[in-house]
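Q: Below are the sequence and a predicted model; questions follow.
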Amino acid sequence: MYISINNSKRQDWDKVKSWNYKLDFLKPEMSVVYAEVVGEHGDAETKESEWIYYIIEGNGEFMINRTTTKVSSGDVITIPPHTKYTYRSVDSITLKVVMFIDLWDN
């Protein structure tokens, strides 16, 4: 299956730009999301599935269960189901990530 950027759903807030590629044909339904973050992403919470982040470019920090993990280009980080977390870029540089997450219906 091919999904062009023209068929993605764009949603931006504060200093976050994102493109949501819905994979509603999968069970459970999932989204692949590309995001560019400068500064703080804001609080989020996983749903039924483990969420997977691949760091394309930049440096950042994920705060999960009061533990901070530093990430950089090429790293992968996973967030367990039903977990509150946040992440941010560091040094005011854009953090570019690809996520595989539960269907994000924006």
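A: Nice, I can see it. Numbers count the residues shown, from 1 in each chain.
Q: ok, for Ser8, nearest residue in space, not its chain neighbours?
A: Spatially, and ignoring its direct neighbours in sequence, Ser8 is nearest to Trp19 (4.2 Å; Cβ to Cβ, 6 or more residues apart in numbering). Quick note: C-beta positions are derived from backbone N, CA and C, even for glycine.
Q: Where does that neighbour sit: helix, strand or coil?
A: strand (DSSP: H, G, I helix; E, B strand; the rest coil).
Q: Is Lys22 bridged to anything, and to what?
A: Ser31 (DSSP bridges).
Q: Please report how far it lies from Thr83.
A: Distance check for Lys22 against Thr83: by Cβ to Cβ, to the nearest Å, it reads 22 Å.
Q: Compare neighbour counts for these two and give me the winner.
A: Lys22 (19 against 15; other Cβ atoms under 10 Å).
Q: No further queries at this time; thank you.
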